[in-house]
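Peer 1: give me a 3D structure for the following:
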Amino acid sequence: MGTAGARVRGPLLLGVRHHGPGSARAVRAALDAGRPDVVLVEGPPEADALVGLAADEGMRPPVALLAHVVDEPGRSAFWPLAGFSPEWVAIRWALRNGVPVRFIDLPAAHSLALRTEDGGEGQKDGEDGGDGRGGGEQGGVRVDPLGVLAETAGYDDPERWWEDVVEHRGTAGDAFAPFEALGEAMGALREAYGDGGHSRDLVREAYMRIQVRAARKEFGPDRVAVVCGAWHVPALLQKTTVTADRALLKGLPKVKAEMTWVPWTHRRLSRASGYGAGITSPGWYAHLFGAPDRPVERWMTKVARLLRDEDRLVSSAHVIEAVRLAETLAAMRGRPLAGLTETTDAVRAVMCEGSDVPLALVRDKLVVGDVLGEVPEAAPAVPLQRDLTRLQRRLRLKPEALERELELDLRKETDAARSRLLHRLRLLGVAWGEPTASRGSTGTFRETWRLRWEPELAVRVAEAGVWGTTVLGAATGKASADAVGAGALADVTALAERCLLAELPDALPVVMRVLADRAALDADVGHLAQALPALVRSLRYGDVRGTGTEALGEVALGLAERIFVGLPPACAGLDADAALEMRRHVDAVHQAVGLLGEFGTGPGSGFGSRFGSGEPPGVRARWLSVLRTLAGRESAAGVVRGRCVRLLLDGGELGDEEVARLMGLALSRGSAPAEGAAWIEGFVGGGSGGGMLLVHDGRLLGLVDDWLC
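Peer 2: This is a model prediction of the structure:
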């Protein structure tokens, strides 16, 4: 192996900080100087068969290795890699130079099984902290090596210390010196703190030593380079026997695991994202790694461009002054170069005029960022993922990390197909899109979606693969199973609505059969009232989507009739909480009955087979009769009686004199004050203008005033 400065004989141990651009540059320089015959990288050995894909033109970081249990895709772990990750730089160097590259960490088959034993939702393998320590354990006091080193050097912020000693230092001179210095520091920490509260690392490091020995035997003792977390370097230098290392690995639990590449995002590399990898500013680190020179000037230019896109007045003079201020702050603080802290302070003062509002945008869009990686089609994937990728390409729906709104016109075939895909994915638990209220349109032919692709959705797709190999087939199987296992009638009606939205003709008969059975057996008026609105809303989709809804119409009418009969006695003898719940049921049924009348005409309305043309006879009249009965029934809860009077008044079914009479009865001296207050709450609460009615009707206001006084 070549030399660049004095270096001890043996494997070239390159201890790094995961996702550190300074470490990445140093690794590249050390590999260029050392020219090893094999590169060993901290990571699961199952990925050896996939490492060649890193050289594919379609592979664009950030990406992640995803391992999951074959029969339980939800039991998974990620090993994320950004373009500025030292491991990624080492892999690309090896592939570019024709050097074998192998992963030497504990196999995913063991680490996934161990995570299950631990209770399973700790930090993932491969997502070590900035010190290079692996996770997966629960409890115990853990040492933060970077924090200890920073504190020893007189810093209160490990990130700032790391910037000063690594990120802002060049690679000129001895390419191996930074790794030797960091290795010595970690050796002192391991001597003082042992495993630092990470006993699982002892097992991982035993496996690494075995792999390093095998590589040295195959390629020569000085022809091996190892890229791993700096925390592990002292353990790899430790003199142990093969027998002792194998003893640590004996009896480890094991599962059958599969592995692939999946896209990742800078946001998921952030600590605050829930899938953290130990860095708070991935966008800033990507900039430091990619900027060939003048990183501060180039960063300020990016910030100015972003703020201009948001219609803020930022000139070239602002950029110049911000750079000067950042450099001045660095000099005042004794730092070798301006770091993220100085640039942020300068941006706030010069470009944001002291406001944190635009600065928050800079943090979100640039310091963290919304970069989404890509993986080539050759990467292994479950059949369902391949079908989803095909549909995304055909419908021109590209997954993006940046949240965006998508307006769909369901009268257009492409938009209708996009809507079906998004609804089917939601049914499968793949929440790529979230429907929102459409602006400027209340019709059923428009939909608005908020789209954002998150890396963990790849796991959700793998989990959904148990239901089928295509999106349509999987959604159909999932809907049928959900219908059979539904616990409440309202769940079944909501599922029927989702089946119509997703256009699942093979699942709808199963759902309708379960719905009819549940509706016939359920005698609880509250359950029936909860189920009716979703069922009636489903009738709206027959026209624009061309879906037959006759069977739904029959069930909806049957539910409505049973509610009309059971509601009056169900409103008696209720406590305050139950009365408020019943008032909400009355509102929901009232709205549903209005839709029954609205969609009760024309072919495909759901009523043709029973009523022919025209509004269903008696549905609205029967409901109004129920409201009149409840409005005058003293045994009904006051809040329900008041609400019924208000609904009748708004519908033009009661005159002002009759309303005044009913209010006078409810607020008379013979009524309990609590009942009177509940009646008023029901009458003025909810929608329909609320208490503004009293402002415009002096007589009703006078009745309330007399009652209060």
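Peer 1: top helix in this structure by residue count?
Peer 2: Looking across the chain with DSSP state H, the single longest helix is helix 576-598.
Peer 1: pull the residues that contact that helix.
Peer 2: 525-526, 529-530, 532-533, 535-537, 539-540, 556-557, 560, 563, 567, 570-571, 574, 615-616, 619-620, 623, 627, 630, 637-640, 643-644, 647, 678, 682, 685-687 (C-beta atoms under 8 Å, 6 or more residues apart in numbering). The C-beta positions use only the backbone N, C-alpha and C, and glycine is treated the same way.
Peer 1: report the buried residues of the helix or strand where Ala244 lies.
Peer 2: Assessed by DSSP states H and E, Ala244 sits inside helix 242-249. For helix 242-249, the neighbour count (16 or more other C-beta atoms under 10 Å) marks Asp245, Leu248 as buried.
Peer 1: list the buried residues of the longest helix of the chain.
Peer 2: 579-580, 582-583, 585-593, 595-596.
Peer 1: from Ala531, how far off is Val619?
Peer 2: 17 Å (C-beta to C-beta, to the nearest Å).
Peer 1: same thing with Asp415?
Peer 2: 30 Å.
Peer 1: is Glu681 in contact with Gly642, as I believe?
Peer 2: Yes - here Glu681 reaches Gly642: they are 6.7 Å apart, a contact under C-beta atoms under 8 Å.
Peer 1: which one of those two is surrounded by more residues?
Peer 2: More crowded of Glu681 and Gly642, by other C-beta atoms under 10 Å: Gly642, with 27 against 17.
Peer 1: quick check: the gap between that one and Val51.
Peer 2: 71 Å.
Peer 1: which phi and psi values does Ala257 adopt?
Peer 2: Backbone torsions for Ala257, taken as degrees, to the nearest 10, come to phi -120, psi 150.
Peer 1: do the same with Arg213
Peer 2: When read as degrees, to the nearest 10, the backbone of Arg213 gives phi -60, psi -40.
Peer 1: got the contact list for the most centrally placed residue in the chain?
Peer 2: When C-alpha atoms, centre = their mean is applied to the chain, the residue found nearest the centroid is Glu454 (5.5 Å). By C-beta under 8 Å, 6+ apart, the contact list for Glu454 reads Thr265, Arg268, Ala401.
Peer 1: of all those residues, which comes closest to Thr493?
Peer 2: Closest to Thr493 out of the contacts of Glu454 is Ala401 (35.3 Å), distances taken as C-beta to C-beta.
Peer 1: the strands in the stretch 251-400 of the chain, which residues?
Peer 2: 257-263 (DSSP state E, counting those that start in this stretch).
Peer 1: neighbour-wise, which of Asp415 and Ala531 wins?
Peer 2: In terms of neighbours (other C-beta under 10 Å), Ala531 is the more surrounded of Asp415 and Ala531; the figures are 28 against 18.
Peer 1: element containing that one, please.
Peer 2: Going by DSSP H and E, Ala531 is part of helix 525-538.
Peer 1: can you list the helices and strands that that helix packs against?
Peer 2: helix 489-502, helix 508-521, helix 550-570, helix 576-598 (3 or more C-beta pairs under 8 Å, 6 or more residues apart in numbering; DSSP states H and E).
Peer 1: measure how far the third one is from the centre of its chain, please.
Peer 2: With C-alpha atoms, centre = their mean, to the nearest Å as the basis, helix 550-570 stands 39 Å off its chain's centre.
Peer 1: could you number the chain from 478 rather than 1 from now on?
Peer 2: Noted, 478 is the first residue going forward, which turns the last one into helix 1027-1047.
Peer 1: mind giving me the packing neighbours of that helix?
Peer 2: With contacts taken as 3+ C-beta pairs under 8 Å, 6+ apart, helix 1027-1047 sits against helix 985-998, helix 1002-1015, helix 1053-1075, helix 1085-1088, helix 1096-1109.
Peer 1: hmm, try it at 10 Å
Peer 2: Counting contacts by 3 or more C-beta pairs under 10 Å, 6 or more residues apart in numbering; DSSP states H and E, helix 1027-1047 packs against helix 966-979, helix 985-998, helix 1002-1015, helix 1018-1022, helix 1053-1075, helix 1085-1088, helix 1096-1109, helix 1115-1127.
Peer 1: now do the helices in the stretch 628-777 of the chain.
Peer 2: Ranges of helices in the stretch 628-777 of the chain, per DSSP state H, counting those that start in this stretch, are 635-639, 654-670, 677-696, 710-714, 719-726, 743-746, 759-767, 772-786.
Peer 1: now the angle from the last one to helix 759-767?
Peer 2: Per axes from the mean of the first three to the mean of the last three C-alpha atoms, to 10 degrees, the angle that helix 772-786 makes with helix 759-767 is 130 degrees.
Peer 1: the longest one too?
Peer 2: An angle of 20 degrees separates the directions of helix 677-696 and helix 759-767 when computed by the same axes, to 10 degrees.
Peer 1: kindly report the same for the second one.
Peer 2: Between helix 654-670 and helix 759-767, the angle formed by their directions is 140 degrees, by the same axes, to 10 degrees.
Peer 1: okay, now Gly831: neighbour count?
Peer 2: 8.
Peer 1: who touches the closest residue in space to it that isn't next to it in sequence in this structure?
Peer 2: Distance criterion C-beta to C-beta, 6 or more residues apart in numbering; nearest residue to Gly831, sequence neighbours excluded, is Arg825 at 6.3 Å. Neighbour list for Arg825: Ala799, Leu802, Gly831, Ser832, Asp833, Pro835, Leu836, Val839 [criterion: C-beta atoms under 10 Å, 6 or more residues apart in numbering].
Peer 1: same check on Ala1037?
Peer 2: By C-beta under 10 Å, 6+ apart, the residues touching Ala1037 are 1005-1006, 1009, 1012-1013, 1066, 1069-1070, 1073, 1093, 1096, 1099-1100.
Peer 1: could you redo the last one with a cut-off of 8 Å?
Peer 2: Leu1009, Val1066, Ala1069, Val1070, Leu1073, Val1096, Trp1100.
Peer 1: isn't the last one up against Phe1041?
Peer 2: Translated: Trp1100. Yes - at 6.4 Å, Trp1100 counts as touching Phe1041 under the criterion of C-beta under 8 Å.
Peer 1: give me phi/psi at Ser1145?
Peer 2: Main-chain torsions, Ser1145, degrees, to the nearest 10: phi -70, psi 170.
Peer 1: so what pLDDT did it get?
Peer 2: Note on Ser1145: pLDDT of 83.
Peer 1: distance of it relative to Val576?
Peer 2: Applying C-beta to C-beta, the value for Ser1145 to Val576 is 94 Å.
Peer 1: compare the two (neighbour count), which wins?
Peer 2: Neighbours per residue (other C-beta under 10 Å) separate Ser1145 from Val576, with Val576 holding more: 18 against 10.
Peer 1: dump the residue contacts of the residue nearest to that one when sequence neighbours are not counted.
Peer 2: Distance criterion C-beta to C-beta, 6+ apart; nearest residue to Val576, sequence neighbours excluded, is Val516 at 5.8 Å. Residues near Val516 by C-beta under 8 Å, 6+ apart: Leu508, Ala567, Ile568, Trp570, Ala571, Val576, Pro577, Val578, Arg579, Ala702, Val704.
Peer 1: confirm Val516 sits in a strand?
Peer 2: Yes - under DSSP: H, G, I helix; E, B strand; the rest coil, Val516 falls within a strand.
Peer 1: hey, what's it bridged with?
Peer 2: Val578, Ala702 (DSSP bridges).
Peer 1: please report how far it lies from Gly760.
Peer 2: 28 Å.
Peer 1: need the least confident one among the helices and strands packed on helix 1027-1047, by mean pLDDT.
Peer 2: helix 1085-1088 (a mean of 39).
Peer 1: gap between Leu1144 and Trp738?
Peer 2: 71 Å.
Peer 1: compare those two (neighbour count), which wins?
Peer 2: Taking other C-beta under 10 Å, Leu1144 and Trp738 do not tie; Trp738 has more neighbours (26 against 20).
Peer 1: please consider this matter closed, and thank you.
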